[in-house]
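Visitor: Sequence first, then the predicted structure:
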There are 2 protein chains.
Amino acid sequence: MNLFYIEHNTGSLNKSDEFTLVGQEAIHASKVLRIKKGNSIMATDGQGNLYKGEVVSVSGNSLRAIIEENSFQHSPVPEISIAIGNIKKRDRLEFAVEKAVELGVSKIIIYHAGNSEKKNVRLDRLKATALAAMKQSLRVWYPEVAEEKNLEYVLKTNREQKILIADEKLDPDQINPADFSGNNKILYIVGPEGGFTDFEMSIIDTYDCKRFSLGSYRLRSETAVIAIAALSGLTSF
Amino acid sequence: MNLFYIEHNTGSLNKSDEFTLVGQEAIHASKVLRIKKGNSIMATDGQGNLYKGEVVSVSGNSLRAIIEENSFQHSPVPEISIAIGNIKKRDRLEFAVEKAVELGVSKIIIYHAGNSEKKNVRLDRLKATALAAMKQSLRVWYPEVAEEKNLEYVLKTNREQKILIADEKLDPDQINPADFSGNNKILYIVGPEGGFTDFEMSIIDTYDCKRFSLGSYRLRSETAVIAIAALSGLTSF
């Protein structure tokens, strides 16, 4: 089953209303998947709405459908964000974003850490990866991907959230699962390859962050991101 | 910090004993990392022994060191194995193997499922990936990677283990965390892209397997593997 994305804001639609796929979504549907008039398709607006519709017209880069069924899902609670220091290897960063979204993370922030290598973030590509992962996992909330200039900015602009920092220097026995629940919005911060600088550590100390450990073994940054996503997203475990 | 692998079986060594890196390990140490006589290095035999040694000689493809410190870690309990249906895209399979080992999985089995596309498994490459992940995460137990011809063979040859099957058709509310503990050896089985065939389901029913769900969203096979590895490996969470 394929889930398509309605990229323009339509508000919530109801049965018998019409939605339109445009651009790449329409081209993928018509040219690659050969969806035709009369076929049923699933689509989401990334705002919690899921539609099942019957295709009524297909042109080159536009596909219209009439809604047969509609449902709404509230956004995930807690809302999980993960901030990760920029990773040198792009495929590893893309993989982290893809897996985090599949596992239910709402927002991924890539920040330029003191120990990050100077490297451009291909934000357009990461956003496309995140959107594909949303569709792949049949989720209906558009995942955010953002870039921030440094760790301090991440901390400063997310003060209202519960902030948890993965700290490989922490004794693994100090993990307290209670730290992970009871908050509506949680931001996990993963250090860059090479760890935080002393300056970053001193900034962290001025904010109300809790530290936690992902165990006594050394994990790559992207592994830490995916592990946090699994542990926080699959809460029913 | 780099961890090197001593590939020949030496048995447990003690202080003042000597170990030797050969082949790629020695070349990587001497040519890439430019390790020289007098430097300290860390090495493991993949059998639980961790050595710190002082390099006493470096030649083209051999590096000898005298042990200054040694320690031993028991193999992980429970011992986690994950079986995964062969994945078409090699980079996704390699990523699953790498992350599973980083997160503490002892053995990965790639089986040819009814819905797997016929594609060779590059077992040599996957073993190299697993070994690199062992070293990266500073683990000291050599991770196994195996290929099996089908699901039935996996079930038949692992009867002594607790077998848990990720079943996307299961009601997510049926998850019982108790299923995951209290066993010394656990084998998780992840279905291929496209799910199990009816024939495979009928075979599963003849074995004493427990089914569990990874939630109500659709996860790629490699995501399921990594999520299981995180959830089972980071047990102190």
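Guide: That came through fine. Predicted model, so just to flag it, every value in this text is computed and none were measured. Numbering: from 1, shown residues only, chains lettered A, B, ... in the order given.
Visitor: Tell me which residues are up against the helix or strand containing residue A:133.
Guide: Assigned by DSSP states H and E, residue A:133 belongs to helix A:123-136. Helix A:123-136 is contacted from outside by A:2-5, A:44, A:46, A:90, A:93-94, A:97-102, A:108, A:110, A:140-147, B:218, B:220, using Cβ atoms under 8 Å, 6 or more residues apart in numbering or on different chains. All C-beta atoms are positioned from the backbone trio N, CA, C, and that covers glycine.
Visitor: pLDDT score assigned to the residue lying closest to residue A:9 once chain neighbours are set aside?
Guide: Nearest residue to residue A:9 in three dimensions, chain neighbours excluded: residue A:45, at 7.3 Å (Cβ to Cβ, 6 or more residues apart in numbering or on different chains). Note for residue A:45: predicted pLDDT of 97.
Visitor: residues contacting residue A:45?
Guide: Residue A:45 makes contact with A:5, A:6, A:9, A:10, A:13, A:19, A:51, A:140, according to Cβ under 8 Å, 6+ apart.
Visitor: for these, which one is nearest chain B?
Guide: Of all the contacts of residue A:45, chain B sits closest to residue A:140, with 10.0 Å by Cβ to the nearest Cβ.
Visitor: From residue A:4, how far off is the closest one?
Guide: 12 Å (Cβ to Cβ, to the nearest Å).
Visitor: Can you list phi and psi of residue A:157 for me?
Guide: Per-residue torsions, residue A:157: phi -90, psi 0 (degrees, to the nearest 10).
Visitor: hey, what's the residue nearest to it when sequence neighbours are not counted bridged with?
Guide: In space, and not counting its chain neighbours, residue A:157 is closest to residue A:148: 7.5 Å by Cβ to Cβ, 6+ apart. Beta-bridge pairing for residue A:148 (DSSP bridges): residue A:111.
Visitor: helix, strand or coil for residue A:232?
Guide: Per DSSP: H, G, I helix; E, B strand; the rest coil, the secondary structure class of residue A:232 is helix.
Visitor: show me the residues around the residue nearest to it when sequence neighbours are not counted that make contact.
Guide: Using Cβ to Cβ, 6+ apart and skipping residues adjacent in sequence, the residue nearest residue A:232 is residue A:80, 5.0 Å away. If you count contacts by Cβ under 8 Å, 6+ apart, residue A:80 has them with A:104, A:105, A:106, A:107, A:186, A:188, A:229, A:232, A:233.
Visitor: Would you reformat those as a markdown table and include secondary structure?
Guide: A markdown table is the format used below for the contacts of residue A:80 (three-state DSSP):
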| residue | secondary structure |
| --- | --- |
| A:104 | coil |
| A:105 | coil |
| A:106 | coil |
| A:107 | strand |
| A:186 | strand |
| A:188 | strand |
| A:229 | helix |
| A:232 | helix |
| A:233 | helix |
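Visitor: By neighbours, which of those wins?
Guide: The most neighbours of any of the contacts of residue A:80, using other Cβ atoms under 10 Å in any protein chain shown, belong to residue A:105, which has 28 neighbours.
Visitor: so what's it up against?
Guide: Taking Cβ under 8 Å, 6+ apart, we find residue A:105 in contact with A:80, A:81, A:82, A:143, A:229, A:232, A:233.
Visitor: Ok, residue A:122 next?
Guide: Each residue near residue A:122 by Cβ under 8 Å, 6+ apart is listed here: residue A:90.
Visitor: Report pLDDT for it.
Guide: For residue A:122, the predicted pLDDT is 94.
Visitor: Pull up the pairing partners for whichever helix or strand residue A:189 is part of, direction included.
Guide: Residue A:189 belongs to strand A:185-190 when assigned by DSSP H and E. Applying DSSP bridges, strand A:185-190 is found paired with strand A:79-85 (parallel), strand A:162-166 (parallel).
Visitor: follow-up on the earlier one: a markdown table for the contacts of residue A:80, including pLDDT?
Guide: Converted to a markdown table, the contacts of residue A:80 look like this (pLDDT from 0 to 100):
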| residue | pLDDT |
| --- | --- |
| A:104 | 94 |
| A:105 | 96 |
| A:106 | 96 |
| A:107 | 97 |
| A:186 | 92 |
| A:188 | 94 |
| A:229 | 92 |
| A:232 | 83 |
| A:233 | 74 |
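Visitor: Which residue ranges of chain A form strands?
Guide: For chain A, the strands defined by DSSP state E occupy A:3-5, A:18-22, A:40-44, A:49-59, A:62-72, A:79-85, A:107-111, A:144-148, A:162-166, A:185-190, A:209-212.
Visitor: wait, does the first one make contact with chain B?
Guide: Just to be clear, that refers to strand A:3-5. No: Strand A:3-5 is not in contact with chain B by Cβ under 8 Å from any Cβ of the partner chain; minimum separation 9.0 Å.
Visitor: can you check stretch A:66-77 too?
Guide: No: against chain B, stretch A:66-77 shows no contacts by Cβ under 8 Å from any Cβ, the least distance being 10.0 Å.
Visitor: in that stretch, what counts as buried?
Guide: Using 16 or more other Cβ atoms under 10 Å in any protein chain shown as the test for burial, stretch A:66-77 gives A:67, A:70.
Visitor: Need the residues that contact that stretch.
Guide: Applying Cβ under 8 Å, 6+ apart, the contact partners of stretch A:66-77 are A:12-19, A:40, A:48-54, A:56, A:104, A:106, A:140-141, A:184, A:233.
Visitor: Starting from the lowest-mean-pLDDT helix or strand in chain A, tell me which strands it pairs with and how they run.
Guide: Least confident helix or strand, chain A: strand A:209-212 with a mean of 85, by mean pLDDT, DSSP states H and E. Note on strand A:209-212: by DSSP bridges, its sheet partners are strand A:162-166 (parallel).
Visitor: Now the partner strand - C-alpha only, PDB.
Guide: Only the C-alpha atoms of strand A:162-166 are listed here, as PDB (Å, rounded to 0.1, in the frame of the first residue of the first chain):
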ATOM      1  CA  LYS A 162      12.100  18.600  28.700                       C
ATOM      2  CA  ILE A 163      15.700  18.300  27.500                       C
ATOM      3  CA  LEU A 164      17.600  15.100  27.800                       C
ATOM      4  CA  ILE A 165      21.300  14.800  26.800                       C
ATOM      5  CA  ALA A 166      22.900  11.500  25.900                       C
END
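Visitor: picking that back up, please check the contacts of stretch A:66-77 and keep the buried ones.
Guide: Neighbour counting by 16+ other Cβ under 10 Å classes A:13, A:19, A:48, A:49, A:50, A:51, A:53, A:104, A:106, A:140, A:141, A:233 among the contacts of stretch A:66-77 as buried.
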